[in-house]
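Student: pasting a predicted model and its sequence here:
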Amino acid sequence: MIFDQIKHAPRYYQTNHNIKTALEFIEKNAKGDTLADGKYELVPGEVTAFVITKETVKQSQAKMEIHKKYMDIHYVINGCEVCGIAPIMDNPEGVIPYDEQSDNGFFECENSFQVKVGEGEFYAVWPMEPHRPLCNVFEESIVVRKIICKVKVD
């Protein structure tokens, strides 16, 4: 996992050319004022950005998710969320089994830690790294606007 402020994005550029493309898109659109919610194909089949506005949920209502083909980079434009992170598992027991088409699998996990992510911050999770995004920081749900990039890393 990577957790940082977007102003430090250049330190990760050399990691992978697709990561660089995703982070540059986030930097360029960090305020989000010119982006409509929706899907943005940055490099077809390799880097896709989704701009979403969504309410957070209680951690007890959210499931851990994994991806096998793509890394996720989550950047918070407005609001604040908690993301649960768990150790990589060889064979997680799926509540919703992994689907190759959507590159998603969902499962229960109690062995996790929480990261609070605020405006201007991002986190990146590698393929097979369990994560539980968009959870409440406090008891009440709040609206979060964010960019999520799906990044192919080989």
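Tutor: Arrived safely.
Student: show me the shaky parts of the protein.
Tutor: 90-95 (pLDDT under 70).
Student: using the three-state scheme, assign residue 14.
Tutor: Counting by DSSP: H, G, I helix; E, B strand; the rest coil, the backbone at residue 14 sits in helix.
Student: residues in contact with it?
Tutor: Residue 14 is in contact with residue 20, counting by Cβ atoms under 8 Å, 6 or more residues apart in numbering. Just so you know, the C-beta spots here come from the backbone N, C-alpha and C atoms, and that holds for glycine as well.
Student: residue 117 too?
Tutor: Contact analysis of residue 117 by Cβ under 8 Å, 6+ apart lists 3, 74, 76, 80-83, 123.
Student: quick check: closest non-adjacent residue to residue 118.
Tutor: residue 80 (4.6 Å; Cβ to Cβ, 6 or more residues apart in numbering).
Student: would you map the strands across this structure?
Tutor: 2-5, 38-43, 47-55, 64-66, 70-78, 81-85, 94-99, 104-107, 113-117, 121-125, 131-135, 143-152 (DSSP state E).
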